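1. Take this sequence and fold it.
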Amino acid sequence: MKTVWIVGVGTGPDTLTREAARAVETAQVLFGAPRLLAAYAPDGAPQEPLYTPETIAPVVAASGCDRFAVLVSGDTGFYSAALRLCAELTGCEIKVLPGVSSLNCFFARIARPWQNAALVSCHGRGANLVDTVRRNAETFALTGGNVPQLAAALCDAGFGDLTATVGQELGLPGERIDRMSVRALARAEISPLSVLLIDNPAPDARARTGIPDGEFIRGDVPMTKSPVRAVTMSRLAVRPEDLCFDIGAGTGSVTVEMALAAYRGHVWAIDKNPEAVSLTRKNCAAFHLGNVTALHAGALEALGELPAPDAVFLGGSGGGMRQLVDLVLSKNPNARIVANAIALESAQAALEALEAHGLETELLQIGTGIGRRVAGLHMMTAQNPIFIVTGGPSHE
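-> Residues are numbered from 1 along each chain as shown. Down below sits the predicted model:
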């Protein structure tokens, strides 16, 4: 059986483990990116400048040799090519040899443990760094020439005053460690070979529902009030990875609660009123959210370009309830849909639109009262009753 060593090269030739060095020296064929082969391959070693699993696997299969080594950068267990190599190199004995990763090296350089840090990769990935920073006291991120953009996103979410520690070119002659504010980081020139640590002294990992109305920035556009919002969110049942639509976002109160719940997903907030879109963006920044896209557009126009949703809130349909429901369910027949309405006719339109697709529906009316003090006593002031219409796949 052919043996393939997947060798984590560490942060420089001096950190290569003895086991890894033996694998490199005894391999009959050595694979890797040209820069890794130049740095780690012994003189005269047979080399193939290949580094993707799809290009390496057929060469190994066709070769008459039986000992191979693949040089990989980064941590072999953290968003590494090692996983796909193991899947592609079927019929071979695979041995993964980890090296000293940038994570190990960075925290050693700053003399801090990393057992409590949240770890994310923003290297060629759409990772939501903002939300990870919001939820954790320490966030370590791999980057890929995008540090200014990551810092700008953190600033947009109200995190400009947090402290960032940047490790640049670890293990290389140009290595340096810098500490600065996130706001300064957005303006700094940073090497593409960098890692990032963000310290947040006040992390907040709560997925809140029924947030008090007074915590939102208000304007002259509608807002789903706290008690109604709590029931609405219970019906939406948003999961961490969900993709969500808030159609007729208004102030953005439901958008905020969706985004807090879908912290590994994304929320698209749609409204045709520019003031509503502006307020939604301000509220998302106030709650330090980085997983929201607010769109100034009509709902039908916007939905055509968006991915299939998991949870959809219809705060306003503009009279096009049937078309909206049809379009949502054409993208995902299993989407969970909740529509709020003040008028009985609007609630009926939502029920008919959902039932036309054979969905299991629920009609709930909620009426709330807010207490205010009058002459030392509490008097209840009634709020408009709201219909909450829910539709989803049948559980039969």
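2. What residues does the residue nearest the centre of the chain make contact with?
-> Residue closest to the average C-alpha location in the chain (CA atoms, centre = their mean): residue 128, at 3.5 Å. Taking CB atoms under 8 Å, 6 or more residues apart in numbering as the definition of contact, the neighbours of residue 128 are 263-264, 266, 290-291. The way it works is simple: take the backbone N, C-alpha and C, and place the C-beta from them, glycine included.
3. How about residue 32?
-> When the contact criterion is CB under 8 Å, 6+ apart, the partners of residue 32 are 40-41, 47, 49-51, 70-72.
4. Equivalent analysis for residue 195, please.
-> Applying CB under 8 Å, 6+ apart, we find residue 195 in contact with 102-103, 106, 140-143, 166-167, 170.
5. The helix or strand harbouring residue 195: what's the following helix or strand?
-> Take DSSP states H and E as the rule and residue 195 turns out to sit in strand 194-199. The C-terminal neighbour of strand 194-199 among helices and strands, as given by DSSP H and E, is helix 226-236.
6. coming back round to it: which pLDDT does the model give the residue nearest to the centre of the chain?
-> If you check residue 128, the pLDDT there is 87.
7. Same question for residue 163.
-> Confidence at residue 163, expressed as pLDDT, is 98.
8. go on, residue 45?
-> In this prediction, residue 45 carries a pLDDT score of 82.
9. Quick check: bridge partners of the residue nearest to it when sequence neighbours are not counted?
-> Residue nearest to residue 45 in three dimensions, not counting chain neighbours: residue 30, with 5.2 Å by CB to CB, 6 or more residues apart in numbering. Applying DSSP bridges to residue 30 yields these beta-bridge partners: residue 47, residue 69.
10. ok so, going back, partners of the strand holding residue 195 in the sheet?
-> Applying DSSP bridges, one finds strand 194-199 paired with strand 138-142 (antiparallel), strand 163-168 (antiparallel).
11. buried stuff in it?
-> For strand 194-199, burial by neighbour count (16 or more other CB atoms under 10 Å) applies to 194-199.
12. and the closest residue to residue 233 other than its chain neighbours, what does it touch?
-> Closest residue to residue 233 apart from its sequence neighbours, by CB to CB, 6+ apart: residue 209 at 4.4 Å. With CB under 8 Å, 6+ apart as the criterion, the residues that contact residue 209 are 229-230, 233-234, 257, 261.
13. Kindly recompute the last result at 6 Å.
-> Remark: with contacts taken as CB atoms under 6 Å, 6 or more residues apart in numbering, residue 209 is in contact with 230, 233, 257.
14. Which helix or strand lies directly C-terminal to the helix or strand where the last one lies?
-> The reference is to residue 257. Using DSSP H and E, residue 257 falls within helix 253-261. Using DSSP H and E, the helix or strand that follows helix 253-261 towards the C-terminus is strand 266-271.
15. In its sheet, which strands sit next to that next one, and in what direction?
-> Strand 266-271 is paired, per DSSP bridges, with strand 243-247 (parallel), strand 292-296 (parallel).
16. Summarise which helices and strands the next helix or strand after the last one is packed against.
-> Using DSSP H and E, the helix or strand that directly follows strand 292-296 along the chain is helix 299-303. The elements that helix 299-303 packs onto, with contact taken as 3 or more CB pairs under 6 Å, 6 or more residues apart in numbering; DSSP states H and E, are helix 321-331.
17. Try it again at 8 Å.
-> Contact partners of helix 299-303 among helices and strands, from 3 or more CB pairs under 8 Å, 6 or more residues apart in numbering; DSSP states H and E: strand 243-247, strand 266-271, helix 321-331.
18. Please report phi then psi for residue 306.
-> Listed backbone geometry of residue 306 is phi -90, psi 160, with angles given as degrees, to the nearest 10.
19. Excluding chain neighbours, what is closest to it?
-> residue 268 (5.6 Å).
20. repeat for residue 114
-> Nearest residue to residue 114, sequence neighbours excluded (CB to CB, 6+ apart): residue 107, at 4.3 Å.
21. my read is that neighbour is in a helix, agree?
-> Yes. When the secondary structure is assigned by DSSP: H, G, I helix; E, B strand; the rest coil, residue 107 falls within a helix.
22. Make 48 the first number, not 1, from now on.
-> Sounds good: first residue 48 from here, last item residue 154.
23. got the contact list for it?
-> Neighbour list for residue 154: 160-161, 164, 187 [criterion: CB under 8 Å, 6+ apart].
24. So which of the residues you listed is surrounded by the most neighbours?
-> Sorting the contacts of residue 154 by how many neighbours each has (other CB atoms under 10 Å) puts residue 187 first, at 22 neighbours.
25. How far away from the center of its chain is stretch 245-265?
-> Per CA atoms, centre = their mean, to the nearest Å, the displacement of stretch 245-265 from the mean C-alpha position of its chain is 18 Å.
26. Buried residues in that stretch, which are they?
-> Judged by neighbour count using 16+ other CB under 10 Å, the buried positions of stretch 245-265 are 245-247, 250, 256-258, 260, 263.
27. what's the first-to-last distance across that stretch?
-> Stretch 245-265 has its terminal residues 31 Å apart, counting by CA to CA, to the nearest Å.
28. Repeat that for stretch 200-215.
-> Looking at stretch 200-215, the gap from its leading to its trailing residue is 20 Å under the measure CA to CA.
29. Now do the buried residues in it.
-> Residues 200-207, 209, 211-215 are the ones in stretch 200-215 that count as buried (16+ other CB under 10 Å).
30. That one: how far from the chain's middle?
-> 17 Å.
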